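In: Predicted model follows, preceded by the sequence.
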Amino acid sequence: MSETELRQRQAQFTKELHGDDIGSKSGFKAFISKNKSAQKSAVDKYLKHWDGKVDKETEDKRLEDYNEGTHSYYNVVTDFYEYGWGSSFHFSRYYKGENFAAACARHEHYLAYQAEIKKGDLVLDVGCGVGGPAREIARFTGCNVIGLNNNDYQIAKAKWYAKKFGLADKLDFVKGDFMKMEFDANTFDKVYAIEATCHAPKLEQVYSEIYKVLKPGGTFAVYEWVMTDKYDENNPEHRKIAYEIELGDGIPKMFTKKVAQDALKNVGFDVLVEDDLAAKDDEIPWYYPLTGEWKYVQNLGDLATFLRTSYLGRKFTSTMVAAMEKVGVAPEGSSKVTNALEEAAVGLVAGGRAKLFTPMMLFVAKKPLDTK
Ligand SMILES: CC(C)=CCC[C@@H](C)[C@H]1CC[C@H]2C3=C(CC[C@]12C)[C@@]1(C)CC[C@H](O)C[C@@H]1CC3
Ligand SMILES: C[S@@+](CC[C@H](N)C(=O)[O-])C[C@H]1O[C@@H](n2cnc3c(N)ncnc32)[C@H](O)[C@@H]1O
């Protein structure tokens, strides 16, 4: 299928699944108003590559089908993410006494600071979700952001929020595959990516696209999802954790830190910073909202989040979803989605505790000035 046909099909499917009125409904309300047969087909498309097999052929198919696979994944999880987590789809570090929302904003500000984003800069957000980080970074720095995303539903939501919060003149969101960017070379002053490029079937390709669209002298800053140096692909316990992360988070293959480091260098970047922010031995771990550690809850906002994200909260949600699916209120396949998200949570916490995985491998890289 050609790129244009794929695009048209995905746009048409988004209309069928989510209807025309995207944005005004979010979380639970959006979830129950989906077209039921389209939802079933989206769930099947996402899960068709996840049948427990870890052989090379199955993995190759997942890598080949990365675009549709991820598109389908975000079609079915976005409402759950918004309901449980908010509109920034990433993890954060937590300082003692700092609440969830403040930590999330600070994590975004830190990336903007590392990327040296300034007022008036034209910035690309690679894999922008529903635009939570883009809104924060535009407000924080005064820059203009273009968010790139291959998920039509999220783009429609991101546009809706930008308008709602009076940021439509600072932000734009466009459909596209980060493996084949359509922007002219040397377009952006800065580029950032937050927990998104791990969906790429090949890191070197997405980094080389970023390199292409960045102006010479421009900075790229990324929070990358990688398996750490402790990870051993031949250790079945390690592989099980990586598989849970892949399945539950719609990732064709988790790569190691070494693969990411080499990829950045191979495409021509000068790598200025390599810092695993999950390896700082913070008193409050980045994965705490997915555990049962109530002691870190700071305020009522955190309590509301924790009631949805903690083990018991997730159990409550999945039980309710299963009951609603049974009586036909929730679309068929919804329980498969909550089960997959449970695998994600379990794998992420296990990977975090064992320091086999990090969702915040910070790389800051520059495109040399003497390139075209
Ligand atoms: C997939 C990538 C690369 C990044 C997303 C990181 C996180 C924002 C998500 C990873 C696992 C997600 C889960 C939820 C929210 C978003 C994540 C933390 C839930 C808490 C949403 C509510 C559901 O009932 C349970 C989910 C568990 C996993
Ligand atoms: C975990 S979300 C992170 C979103 C955002 N960076 C944030 O922090 O809120 C990953 C994002 O990458 C996007 N994505 C995945 N594969 C993509 C691709 N091939 N091209 C463009 N965007 C992609 C997804 O649609 C999703 O918006």
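Out: Received, thanks. Numbering: from 1, shown residues only. Ligands and ions are numbered 1, 2, ... in the order given.
In: got the contact list for the residue lying closest to residue 177 once chain neighbours are set aside?
Out: Nearest non-adjacent residue to residue 177, counting by Cβ to Cβ, 6 or more residues apart in numbering: residue 150, 5.1 Å away. Yep, even glycine has a C-beta here, placed from its N, CA and C like the rest. Neighbouring residues of residue 150 by Cβ atoms under 8 Å, 6 or more residues apart in numbering: 10, 67, 70-71, 175-178.
In: Among those residues, which one has the most neighbours?
Out: For these, counting by other Cβ atoms under 10 Å, the largest number of neighbours falls to residue 71: 27 neighbours.
In: hey, where'd the helices end up in this structure?
Out: For the chain, applying DSSP state H gives helices covering 3-18, 27-32, 36-47, 56-64, 66-84, 100-114, 132-141, 152-164, 203-213, 236-249, 257-266, 300-309, 311-326, 334-353.
In: List the buried residues for the fourth one?
Out: Residues of helix 56-64 classed as buried under the neighbour-count rule (16 or more other Cβ atoms under 10 Å) are 59, 62.
In: Indicate which one of the helices of the chain is closest to residue 277.
Out: With Cβ to Cβ as the measure, helix 100-114 is the member of the helices of the chain nearest residue 277 (8.4 Å).
In: Against which helices or strands is that closest one packed?
Out: Packed against helix 100-114 by the contact rule (3 or more Cβ pairs under 8 Å, 6 or more residues apart in numbering; DSSP states H and E) you find helix 132-141, strand 188-194, strand 214-227, helix 300-309, strand 357-366.
In: among these, which is nearest ligand 2?
Out: Of all these, the one in closest proximity to ligand 2, counting by Cβ to the nearest ligand atom, is strand 188-194 (3.8 Å).
In: between the closest one and helix 132-141, how big is the angle?
Out: Following axes from the mean of the first three to the mean of the last three Cα atoms, to 10 degrees, one obtains 130 degrees for the angle between strand 188-194 and helix 132-141.
In: Give me the sheet partners of strand 188-194 and which way each runs.
Out: strand 122-126 (parallel), strand 214-227 (parallel) (DSSP bridges).
In: Which one of the residues in this protein is closest to ligand 1?
Out: Closest contact between the chain and ligand 1, by Cβ to the nearest ligand atom, is at residue 84 (2.6 Å).
In: Find me whatever residue is spatially closest to that residue, sequence neighbours aside.
Out: Spatial nearest neighbour of residue 84, chain neighbours left out: residue 308 (4.3 Å); criterion: Cβ to Cβ, 6+ apart.
In: returning to what we had before: farthest pair within the contacts of residue 150?
Out: Largest separation among those by Cβ to Cβ: 10 and 178, giving 14.8 Å.
In: what are the C-alpha coordinates of the helix or strand of the chain with the lowest mean pLDDT, in PDB please?
Out: For the chain, scoring each helix and strand by mean pLDDT, DSSP states H and E identifies helix 27-32 as the least confident one, at a mean of 76. Extracted in PDB, the C-alpha atoms of helix 27-32 (Å, rounded to 0.1, in the frame of the first residue of the first chain):
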ATOM      1  CA  GLY A  27     -11.200   9.900  28.900                       C
ATOM      2  CA  PHE A  28     -14.100   7.700  30.000                       C
ATOM      3  CA  LYS A  29     -16.700   9.600  28.000                       C
ATOM      4  CA  ALA A  30     -14.700   9.300  24.800                       C
ATOM      5  CA  PHE A  31     -14.000   5.600  25.500                       C
ATOM      6  CA  ILE A  32     -17.700   4.600  25.800                       C
END
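In: what's that helix packed up against?
Out: Using 3+ Cβ pairs under 8 Å, 6+ apart, the elements in contact with helix 27-32 are helix 66-84.
In: what residues does the chain put near ligand 1?
Out: Within the chain, the positions near ligand 1 by Cβ under 6 Å from any ligand atom are 80-81, 83-85, 89-91, 195, 198, 225, 249, 308-309, 314, 317, 338, 341, 344-345.
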